[in-house]
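Novice: 3D model of this:
(4 chains)
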Amino acid sequence: MNSIPVLHFLYLSIILFSIGLFGVLIRKNAISVLMGVELMLNAVNINYLAFAKYWNWNTLTGPVFVVFVITIAAAEAAVALAIIISIYRQMKSTNVDEVHYLRG
Amino acid sequence: MVHLIANLLQQALGAVGLSGFAFIINPIVSAVVMFGGISVFVMFLVWMERKVSAHMQSRIGPNRVGVFGLLQTVADALKLTTKEDIKPVHRDKIPYYIAPIIAFVATFAGMIVIPFDKGVSVQNLNIGILYVISITSFTVIAILSAGWSSNNKFALLGGFRSAAQIVSYEVPLVMSLVPVIMTAGTLNLNNVVEYQQKAGYWFVVPQFIAFLIFITSATAEANRAPFDIPEAESELIGGFHTEYSGVKFAMFFLGEYIAIIVSSAVAVTVFLGGWLPLPFLGSLPIPGFAWFVAKLLFVIYLIMAFRWTFPRLRVDQLMDFGWKVLIPISILNILITGFCILFFGKGV
Amino acid sequence: MIEYSWLIPTMPALAYAVIILFTRRSKVLSGLISILTMAACLGLSVGILIEVLAKAPADRVISISWSWLEIPPWTAHVGVLIDPLSVNMLLVVTLISLLVQIYSWGYMHGEVRFSSYYSYLSLFTSSMLLLVLSNNFLQIFVGWELVGLCSYLLIGFWYFKPEAADACKKAFVVNRVGDMGFLMGVITIGMVFQTFDFAEVEKMVSTGVANGTFQTGFIAGIALLLFCGAVGKSAQFPLHVWLPDAMEGPTPVSALIHAATMVAAGVFMVARTYSLFLVDQHAMTVVAFIGGFTALFAASIALAQDDIKRILAYSTLSQLGYMIMALGVGGYTSGMFHLTTHACFKALLFLGAGSVIHGVHNQDIWKMGGLWKKMGITAATFVIATLAIAGIFPLAGFWSKDAILAAVYESQIPGHIVLYFAAVFTAFLTAFYMFRLFFVVFTGEPRDHHAHDHAHESPFTMTIPLMILAILSISVGWLNLPGFDAYSKFVYHGEFHEEVFNWTMAWASLLVAIAGIILSALFYYWKVFSAEKTAETFKPIYLLLKNKYYVDEFYGWMVKKFVFGLASICTWFDDNVVDDGMVDGSGWITRKMGSLFSLTQTGYVQNYALVIFGAVAVIYLMVSF
Amino acid sequence: MANTIFYLIAGIIICSAFLVVTLRNLFHCALFLALAMFGVSGVFLFLNFEFLAIVQVLIYVGAVTVLIIFGIMLTRNVMDDKTRVLNKQVFLAIIAAAAVMTISFSAVGKSVFFEGDHPTITMAETSAAPDPPKPSSLGQNDVYALGLELIRPEKGYAFSFEFVSVLLLSALVGAIVVARKEKS
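Specialist: Sure, this is the predicted structure:
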């Protein structure tokens, strides 16, 4: 058994989340943005499990939600990549800032 | 013997004041022992493959180096390690070097949960089956890296095909295991074998369709004939490892054989009763380990025989076969097994 | 039987649905379904009558309710109210309806939309029965509007004739005017009493008036609003104009809807809400005078009409006026009794007229004549009905009309003597114009030989209902023979009190009627006087009557002057203020705001994400400091 | 000493995550993403959720990363050109990400965990407790318990589970529909 404080898991989660957010905000390529989103989701999963472990022994809510997050992340990645490939076929580009049909 | 060496090393560590790291000694020793054993076994398998193919083609096969040509593989291995390492100039360095390592390590790591005899495995994981499946899925990344970083269109195409094939056939592979997991109620490979012992039958009997699907998918996963399109020499030179030579090629080669061993070992454990003796022969004084190896060799022989029995499939046929035949059948199998468990209890 | 009374309106509704949805292709099947359903309804009604008669007079009111929808503080119910009044109406409606449907089998023979016709008849009967059985104002309004719809559908049944299309629109629009008042009355009742139930409203009114919660004038106002509906539906002056035009519909429809049942709905509704009217004498006076005026007014118009169905239509107006007048002077029983007898003989008159039209394919009485020999049954039944409406002893009309005259004479309302003489004069006119019609159509020489040669007696599906109705026209009045008084003891409002039959008055009215008949015979049978010359002599009056007092023309002028003027003002307001100012203005504002806000829509997803997370940071700072 | 390994893994995760968002070569980014995911599964192991750790490897490394690599390779010709890989809002993004990180740290710092007086703050304290509130559902049979929790009809996540199944199916169909080529 180890004696890592729960705070350190939370710190790891926060840093990972911020890095993911940073990636989402700065990258031009849509696939990079998707990778940033995946990092953020992983940070969330760490949080869920850390709290499930340290805080709430009696329910399995945390792990259950991690299962859901992983499932939905997989679905999201599939759909997102399908969309990206479809956009690439249309515009020969996967840069997010070149796809702005919705500009006001 | 493993424990003896491990104990010695742990004491040595304690003597130099690093007893905190003692918990990593056991795995390292196990890994070293495993690596040695597996390497020798692979060399034997390469010889065996050549002999099997020669037999099926009415040839003699290797017969010059050593008795029955047994040392032929040793000679080949020596040749590989001493060859000049040819590297493409415009390669992508990091993936190029990492790929063979991942390919080898990922498959090798799958070995650690295989129970060779009752209670004899490096790690007795509760989720052993899942572990094997997930750890071997790393090979996809290795193959893609290799194909990508070689900066060679044949390598890239081979990598693509291979990755698509592995990802596709992983689905029926997992699904063919699900009925067994449902029936046995465990993901632990040891417990699966114990369940078969208790139940008095091997899973190959009620789940013969699942066994066939598993063997087929495992063959495809290992990129072996008749599913060897990614490496089809006559079409794509050597596939994703075209640009590899020397030790790096050896690692790919080793990885592929280990993949066959792991798949066959899982098949033996799950479907063929693992270390259990053959029916009516339980009273013979043969250790479980021997039974396991015998069954393993039988399954490997089956896979090798496939290679010289079936013609190679086309890419679209391959994908169709995976998605439109194997997956529906395995889903149906899961459904039927579920109904059986529901209506007749667990004793299916 | 009473517990199955909800089936009575339901079965024809189902028949309607079945015909419209499934059996429309088969004429025979559709007609049979409709007729058999109606026969079942009649049987059920008779059963209910027997059951009600078996009870003591105090227990004869049975109300069953089911909750329909709840909008606090109101709860709308659907229910049935079985009491002597509704049982009376049930019998009238189901019986006439059944006879008319049998008659229609022959009359509508060869009609392409035969099945639709029967489905409409079923729907009408269902709605009428819903109205009759209703125990609350909401349900009666629903039935009220549904019969209006059916009337519209059936008047316009031959929609390809422009007159029919115009007539059905006219009926619909004129009825809306009256229904507006009715709806306002119903809403007022809902708001004031928080309930729509007849019995509860009645109780609240009586206690409220007794302890001074409600002023009598207020209740009278509500009653008059409701009466507006009756004016529209029962075609009283000034909303009478739709009924004569409604004769464009098939003749059996005129008999059923525009003579016997639907137009009587107004009378029925007044009777149903009688306690509201009784509260204030002024309301009663208004009702009585409108009824009396309509009776005289319509009878005078009928003198100068040439169309057989229009004469009967004005006669209907006149008789409805009688009923309304009877209710207005407090003759509840006599009014309802006249409704019942009138339903029989007026249906008979219309069906007889239908038979004649079926024979000669014409509606102008001056193209008929001498049909007695050709159409024996029709003529015989027609003369019975004519005698009945003229009030000849001992036919049905004699007893009911005399009951009304007696009620008017003995009533307490101001000016009742005037009303009495108007009513007597109307009786005289009625006898005159009805026999004018009879003599012109059935006696004398044929005027149009082509039509005459073609004329033939109608098939038995048409003559059998005629004969049944003829028997009823003779005998229904005997229900109220002096001393027997079966009807008076059954249908009454409040406390039952014996009415002494006034023989003097009866003889007087009989004399008047006979005088009318003799005068008519002098003109049109013996031809002692010439009708043409008389018309020439009193030309202005004749033209006035011929053109129905120019009421339609007056309405047309009114609409042109005032409604169109108001409409043009509204159009100007709509064009300049609403369109240019408000609509375009709000569009302009929206567009400008949109172009302002669209600056934030950069189209770059990452901008949005940046703003979201920046906002999270800002909100956190705001919350924590 | 196990702690050392945790901090080593955490360092690997953070470094590779940073490389994922900053490297120019998308393929390298994907490889480091796989490494980061693998590290996260190691963190799961530290939290004793073996099953989820394996699932993490299976889904993220075996499926999602492979998918992303496929995506990269299918759209590759925009990757090696000399255009900027970062967009124009880098400066603002740095501020926003730093702000989010700072406020998260400060929020955690204000929470009860920072006080260190909660009985379940560290695992060591939990195991040192006389009767740890560790239910039998975790540990030996955590897969079984998790499965039960997912499909238990009363107060479980059965509906969400079915809903996620439908979501997966629709994502499958949707992805195929979106990505397939129009038949010419």
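Novice: list the buried ones in the helix or strand where residue C:299 lies?
Specialist: Per DSSP states H and E: residue C:299 is located in helix C:281-302. Buried residues in helix C:281-302, defined by neighbour count with 16 or more other C-beta atoms under 10 Å in any protein chain shown: C:281, C:283-302. C-beta here means a position set from N, CA and C on the backbone, and glycine is covered the same way.
Novice: Ok, stretch C:48-56 next?
Specialist: Of the residues in stretch C:48-56, those buried (16+ other C-beta under 10 Å) are C:48, C:49, C:51, C:52.
Novice: What lies in contact with it?
Specialist: C:1, C:2, C:5, C:60, C:82, C:83, C:84, C:87, C:90, C:91, C:490 (C-beta atoms under 8 Å, 6 or more residues apart in numbering or on different chains).
Novice: Residue B:146 sits in which helix or strand?
Specialist: Judged by DSSP H and E, residue B:146 forms part of helix B:138-149.
Novice: Is chain D within reach of that helix?
Specialist: Yes. For helix B:138-149, a contact with chain D is found by C-beta under 8 Å from any C-beta of the partner chain, at B:138, B:140, B:141, B:144, B:145, B:148.
Novice: ok, for the first one, nearest residue in space, not its chain neighbours?
Specialist: Take residue B:138 and drop its neighbours on the chain: the residue closest to it by C-beta to C-beta, 6 or more residues apart in numbering or on different chains is residue B:106, 3.4 Å away.
Novice: For the one you found, grab the count of nearby residues.
Specialist: Applying other C-beta atoms under 10 Å in any protein chain shown, we find 23 residues neighbouring residue B:106.
Novice: who's in contact with it?
Specialist: B:135, B:136, B:137, B:138, B:139, B:142, B:255.
Novice: so after the helix holding residue C:299, what's the next helix or strand?
Specialist: Next along from helix C:281-302, by DSSP H and E: helix C:308-328.
Novice: Output the contacting helices and strands for that following helix.
Specialist: helix C:242-245, helix C:251-255, helix C:264-272, helix C:281-302, helix C:332-360, helix C:396-410, helix C:416-442 (3 or more C-beta pairs under 8 Å, 6 or more residues apart in numbering or on different chains; DSSP states H and E).
Novice: Same list (the ones you listed) but as JSON lines, adding distance to residue D:44 and mean pLDDT.
Specialist: Shown next, in JSON lines, are the helices and strands packed on helix C:308-328 (distance: least, C-beta to C-beta, whole Å; pLDDT from 0 to 100):
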{"stretch": "helix C:242-245", "distance to residue D:44": "84", "mean pLDDT": "89"}
{"stretch": "helix C:251-255", "distance to residue D:44": "83", "mean pLDDT": "90"}
{"stretch": "helix C:264-272", "distance to residue D:44": "80", "mean pLDDT": "91"}
{"stretch": "helix C:281-302", "distance to residue D:44": "87", "mean pLDDT": "91"}
{"stretch": "helix C:332-360", "distance to residue D:44": "89", "mean pLDDT": "90"}
{"stretch": "helix C:396-410", "distance to residue D:44": "97", "mean pLDDT": "87"}
{"stretch": "helix C:416-442", "distance to residue D:44": "101", "mean pLDDT": "90"}
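Novice: Dump those helices into a markdown table; add distance to residue B:311 as well.
Specialist: Output for the helices and strands packed on helix C:308-328, formatted as a markdown table (distance: least, C-beta to C-beta, whole Å):
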| stretch | distance to residue B:311 |
| --- | --- |
| helix C:242-245 | 91 |
| helix C:251-255 | 85 |
| helix C:264-272 | 90 |
| helix C:281-302 | 103 |
| helix C:332-360 | 91 |
| helix C:396-410 | 105 |
| helix C:416-442 | 103 |
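Novice: looking at these, which is closest to chain A?
Specialist: helix C:242-245 (58.7 Å; C-beta to the nearest C-beta).
Novice: what residues does that closest one touch?
Specialist: In contact with helix C:242-245 (C-beta under 8 Å, 6+ apart) are residues C:163, C:166-167, C:170-171, C:174-175, C:235, C:258, C:263, C:310, C:313-314, C:316-317, C:548.
Novice: what are the phi and psi angles of the one residue sitting closest to the centre of chain C?
Specialist: Geometric centre of chain C, nearest residue: residue C:263, 1.6 Å, by C-alpha atoms, centre = their mean. Backbone torsions of residue C:263, given as degrees, to the nearest 10, read phi -70, psi -20.
Novice: What backbone torsions are found at the closest residue to it other than its chain neighbours?
Specialist: Spatial nearest neighbour of residue C:263, excluding adjacent residues (C-beta to C-beta, 6+ apart): residue C:234 at 5.3 Å. For residue C:234, the backbone dihedrals (degrees, to the nearest 10) come out as phi -90, psi 10.
Novice: ok so, going back, for residue B:34, which of the helices and strands packed on helix C:308-328 is the nearest?
Specialist: If you check each of the helices and strands packed on helix C:308-328 against residue B:34 by C-beta to C-beta, helix C:264-272 wins as the nearest, at 100.1 Å.
Novice: How about chain D: which residue is closest to chain C?
Specialist: Taking C-beta to the nearest C-beta, chain D has residue D:99 as its residue nearest chain C, at 4.0 Å.
Novice: That residue - how many residues pack around it?
Specialist: 18.
Novice: Great, nothing more from me.
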